[in-house]
Structures are given as structure tokens and as C-alpha cells.
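Enquirer: pasting the structure only:
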């Protein structure tokens, strides 16, 4: 004799299909996520064996500067806005074949202004934008104590 009926309804949910779907979605996201990373190519300068001669007159590097207040300059000339910076960079690079611009920003310069200045330089015709940093003084070996 059996107690209960054979055709009774189950009161539990079957979660197996839901777990399968969640695992498939997890695998898809794990595969797709690394492909969404954005990278900027960085070329590290090589150390030169011998010092380079100073540039010839008229061949000085094109340097865009950003100070702590966000003011822009091209070389020693103060620039009012990014449109003027773009035009002046285009004019400075018109006769050059290297098309390289350097960005020199103070440590506390606004990040957004620096990025916009690099973008203006690229739109002005620069193929490469380099970053300048202050020269690091050579370290002196410790003096022996007698």
C-alpha cells in the first residue's frame, strides 16, 4: 500500500536550467571582457651611448607647456586657447619632416588641460607627442667616512 498519490505536483522549483544559463553567461563575459581593454602604445626612449649635439637654429623642438593654472604656451609664447594652439602647432610643423611635439606639464597641471593640449597638437599635425620631464641629477656615490 502506498501513501500519497502518484500524480501529485512537486512544490520545488527546478533550478538546473537557470544555473546552466548563468554559467554560460559567466563564461561569455569572462571571454569578452579582456578584449574590451584599451591601450595606448608607449615607446620608451633608448639610452644614448654618446651625447647628442644641440639642435641647429630653427630646428629646436616644438614644446607645448601647461602650467598649474592650466595656461598654455608654445615654446615661450603664451597661447590663449586650444584653437590658437592647434593653429600655431600646425604652423610650426609645416616645414618640419619629423612632426614631433613635446608636452611639458607642471606636476600640478590639470590633467584635462594636458590631454586637450595633446589632442590639439595631434590635430595640428603632430604624428608623435612626447612627454618631457625635468632632468634627474646624477647620483653621487657616497663619500667614505675616514
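Expert: That came through fine. Predicted model only: the values in this text are computed from it and were never measured.
Enquirer: so who does residue 116 touch?
Expert: residue 82 (Cβ atoms under 8 Å, 6 or more residues apart in numbering). All C-beta atoms are positioned from the backbone trio N, CA, C, and that covers glycine.
Enquirer: for it, give me the pLDDT.
Expert: Looking at residue 116, its pLDDT reads 94.
Enquirer: doesn't it belong to a helix?
Expert: Yes: under DSSP: H, G, I helix; E, B strand; the rest coil, residue 116 falls within a helix.
Enquirer: so where do the helices sit in the chain?
Expert: 16-32, 82-93, 111-123 (DSSP state H).
Enquirer: and the pLDDT for the residue nearest to the spatial centre of the chain?
Expert: Taking Cα atoms, centre = their mean, the centroid of the chain lies closest to residue 40, which sits 5.6 Å from it. Looking at residue 40, its pLDDT is 70.
Enquirer: and the strands in this structure?
Expert: In the chain, the strands defined using DSSP state E lie at 62-66, 72-74, 77-79, 100-105, 128-131.
Enquirer: measure stretch 47-57 end to end?
Expert: Terminal residues of stretch 47-57 are spaced 25 Å apart (Cα to Cα, to the nearest Å).
Enquirer: for the chain, what are the low-confidence residue spans?
Expert: Residue ranges of the chain with pLDDT under 70: 1-8, 10, 36-37, 58, 135-146.
Enquirer: so which of the strands of the chain gets nearest residue 29?
Expert: Checking the strands of the chain against residue 29 by Cβ to Cβ gives strand 128-131 as the closest, at 34.8 Å.
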